[in-house]
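A.B. asks: have a look at this prediction, sequence included:
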Amino acid sequence: MPAGGTKFTYSSAMPVSTQIIWLFVLALPIACVAWTVTHEEVFREPREFCEKWSKAGKTVIKRKFFYLFTCEYCFSHYVTIFFVILTEYKLLMDGWRGYLIGGLALVWIANFYMSLFALIRIDLKRERTEIEVLQENAEKNIPAGEPQSKEWPAKLISNRKSTNAPKDTTSDAEVEILH
């Protein structure tokens, strides 16, 4: 028995298999809302306002409060609380323990979904950029895989030397290899 003499009782309201299905399904709208508010253009202005105040707030409490609306991980906790209250979702146990376990599990799964979505978006953006470069090269009759200018390595090196950038140690032989 745990401290306090109370015995853990597992939830009998819903079979565990159904609770697990709910876990993975309920995490989808949580991830959707958290991602939309913290990343998408539709909420850009409120997000920029919150970003500004998360850095410029005079008190720690004010800075942390506004930061919550800019971080998908942080914001997903509040979205999860809303959905747990709305659906009365509990995982494994009845009472407050089931709400706590369910809520934390939902946050974890929702953040997994958001990480997966971010990776997919990065990959799609990379592919779109590669296609744009290939189309631009095709318009200029440059074969695929060739740089747009044969002078680009030398220009890059001369630009570095003319600025206050760290001294470039690229040799002439290395420049030839780049061509």
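C.D. replies: Perfect, thanks for sending it.
A.B. asks: please make it C-alpha for all contacts and neighbour counts, starting now.
C.D. replies: Fine.
A.B. asks: so where do the strands sit in this structure?
C.D. replies: Counting by DSSP state E, the chain forms no strands at all.
A.B. asks: contacting residues around the nearest residue to Y67 once chain neighbours are set aside?
C.D. replies: Counting by CA to CA, 6 or more residues apart in numbering, S54 is the residue found nearest to Y67 once chain neighbours are left out, at 5.0 Å. Counting by CA atoms under 8 Å, 6 or more residues apart in numbering, S54 makes contact with 62-67.
A.B. asks: give me the neighbour count for the residue lying closest to M114 once chain neighbours are set aside.
C.D. replies: Distances taken as CA to CA, 6+ apart put A31 closest to M114, at 5.9 Å, once the chain neighbours are dropped. Applying other CA atoms under 10 Å, we find 27 other residues in the vicinity of A31.
A.B. asks: hang on, A31 packs against L106?
C.D. replies: No - using CA atoms under 8 Å, A31 is not in contact with L106, being 9.3 Å away.
A.B. asks: nearest spatial neighbour of R47, chain-adjacent residues omitted?
C.D. replies: Leaving aside its sequence neighbours, R47 sits nearest to T70 (CA to CA, 6+ apart; 6.1 Å).
A.B. asks: tell me how many other residues crowd the one you found.
C.D. replies: Number of residues near T70 (other CA under 10 Å) recorded here: 22.
A.B. asks: also R47?
C.D. replies: For R47, using other CA under 10 Å, the count is 21.
A.B. asks: distance of it relative to L119?
C.D. replies: According to CA to CA, to the nearest Å, R47 and L119 sit 22 Å apart.
A.B. asks: ditto for K62
C.D. replies: Counting by CA to CA, the gap from K62 to L119 is 32 Å.
A.B. asks: with T129 instead?
C.D. replies: Relative to L119, T129 is positioned 15 Å away (CA to CA).
A.B. asks: likewise for W22?
C.D. replies: 24 Å.
A.B. asks: what does R128 give?
C.D. replies: Counting by CA to CA, the gap from R128 to L119 is 14 Å.
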